[in-house]
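Enquirer: Give me a 3D structure for the following:
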Amino acid sequence: MAQREITLSIPTLLTLTGAGLLLVLLWQLRWLLVVLMIAAVIAATLAPAIARAEALRVPRWLAVILIYLALIGGLILAGLVIGPTVAEQIQRLARKLPTYLDILESLVRNRAIQLGLNDPIVLEQINRFFDIQALTSWGFRTSQELLIRSFSLTRGLIGGSLRLLLALVLSGYLLSGGDRLISGFVALFPDPWDQRLAAQFRPMAQRMGSYIQGRILVSAILGVVISITLRLMGLTEVALGLGVIAGFTNLIPFFGPVLGAIPALLVAIGQGGWLFLWVLLLFVIVQNVETYVLDPLLVGNTVQVFPIYQLLAVLGGTQVLGIVGAIIVPPWVAGAGVLLENLYLGPKRGPVAVVSPPLPIPQEPELK
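Expert: Residues are numbered from 1 along each chain as shown. Next up is the predicted model:
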């Protein structure tokens, strides 16, 4: 049997070497890549507002400045209005957490005894499960790991603030001079790939921006509704804090609504009575309204990615970048779906086949 010889030409070796060096360079600049990812998500989110301002004949550079000033002013105003109250209520929740866990442990223990599970081993397992020190230590370690992953590429809180500021500046530059950047980038590719890639930036930005806009709007609506409803249920002292927690965690797909419901359910258990069932019913209704009403109306089919891929994006983003990754990776997966569909799957499927009668074959004219 003849052996096949594998030969590598000089251009191939140079290409492989260049690709390897490029990967090493990208790894060394991974923090910059994350900043660029955040900047692109911010720019895609604010792009529709810039377009509306341009429609009113406002210069693009002025529209970018006005939109950013309005955004920063709104955040500062919200922080001044509800920030102190939210911080106070969250601190109150943290102080009362051991009490709520003690009440929950007593309820579980009494229920186990009523069911005949009064074996010492079972009761010991219940005690271990609701061990305040162990739960506090586990929660601290988990939060610390997520924060470390979120800020590992930013070198601390100050570095994280500077990276966020850099992301805002880059997003503003993307909005004001994005067309020139796209033209310069696609010029690196041969024809016709330059034109094909240039045509994908707008639909990618639209899908990413629509996704983030929908998530923010849905989360804000749910946060307001949950705060008002919990206040009407009697949880006046912590209603706003619980609503803010639920709204913020709802930005994370799949796991966010569950994480946001846990603090409210613990508080309801501590209050006793039927309040736990009412709060549980509230979050069940809110989750169903979000899934079947708000998401189809406000988010719609902008993602166009299978749920399993969205779940993997959330898990992978959390594993690598912590909370930041859980928020910014899913829109990038949605944007990458545009490239996959338009540059690979669409051409692979080819044009839709149309059944038509065969064309008549021309015949030679008869000689007379």
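
Enquirer: Check which helices and strands the helix or strand that residue 284 is a member of sits against.
Expert: Under the assignment given by DSSP states H and E, the secondary-structure element containing residue 284 is helix 275-289. Contact here means 3 or more Cβ pairs under 8 Å, 6 or more residues apart in numbering; DSSP states H and E; on that basis helix 275-289 packs against helix 201-232, helix 256-271. Any C-beta I mention is one placed from the backbone N, CA and C, and that applies to glycine too.

Enquirer: between it and helix 256-271, how big is the angle?
Expert: Direction vectors for helix 275-289 and helix 256-271, defined by axes from the mean of the first three to the mean of the last three Cα atoms, to 10 degrees, enclose an angle of 160 degrees.

Enquirer: Now do the buried residues in helix 275-289.
Expert: 275-276, 279, 282-283, 286-287 (16 or more other Cβ atoms under 10 Å).

Enquirer: just checking, what packs against the next helix or strand after that helix?
Expert: Proceeding N to C from helix 275-289, the next assigned helix or strand is helix 307-321, under DSSP H and E. Contact partners of helix 307-321 among helices and strands, from 3+ Cβ pairs under 8 Å, 6+ apart: helix 132-151, helix 323-340.

Enquirer: among those helices, which gets the worst mean confidence?
Expert: If you rank the helices and strands packed on helix 307-321 by mean pLDDT, helix 132-151 sits at the bottom with a mean of 48.

Enquirer: and the buried residues of helix 275-289 as a markdown table, adding pLDDT and distance to residue 248?
Expert: Listed next are the buried residues of helix 275-289 as a markdown table, based on pLDDT from 0 to 100; distance: Cβ to Cβ, whole Å:
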| residue | pLDDT | distance to residue 248 |
| --- | --- | --- |
| 275 | 88 | 23 |
| 276 | 87 | 23 |
| 279 | 91 | 18 |
| 282 | 93 | 18 |
| 283 | 92 | 15 |
| 286 | 90 | 15 |
| 287 | 87 | 16 |
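
Enquirer: Format those residues as TSV; extra columns: distance to residue 312.
Expert: Formatted as TSV, these follow (distance: Cβ to Cβ, whole Å):
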residue	distance to residue 312
275	37
276	34
279	31
282	30
283	25
286	25
287	21
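
Enquirer: now, which of the residues you listed sits nearest residue 28?
Expert: Closest approach between those and residue 28, by Cβ to Cβ: residue 287, at 42.6 Å.

Enquirer: who touches that closest one in this structure?
Expert: Residues counted as contacts of residue 287 (Cβ atoms under 8 Å, 6 or more residues apart in numbering) are residue 257.

Enquirer: Please tell me how far it sits from residue 281.
Expert: In this structure, residue 287 and residue 281 are 11 Å apart, going by Cβ to Cβ, to the nearest Å.

Enquirer: Mind giving me the packing neighbours of the longest helix along the chain?
Expert: In the chain, ranked by residue count with DSSP state H as the criterion, the top helix is helix 60-114. If you count contacts as 3+ Cβ pairs under 8 Å, 6+ apart, helix 60-114 packs onto helix 30-55, helix 120-129, helix 132-151, helix 156-186, helix 239-249, helix 256-271.

Enquirer: For the ones you listed, which has the smallest mean pLDDT value?
Expert: Taking the mean pLDDT of each of the helices and strands packed on helix 60-114, the lowest value is held by helix 132-151, a mean of 48.

Enquirer: How many neighbouring residues does the spatially closest residue to residue 97 that is not a sequence neighbour have?
Expert: For residue 97, ignoring the flanking residues on the chain, the nearest one in space by Cβ to Cβ, 6 or more residues apart in numbering is residue 266 at 7.1 Å. Applying other Cβ atoms under 10 Å, we find 20 residues neighbouring residue 266.

Enquirer: Sweet, I'm off.
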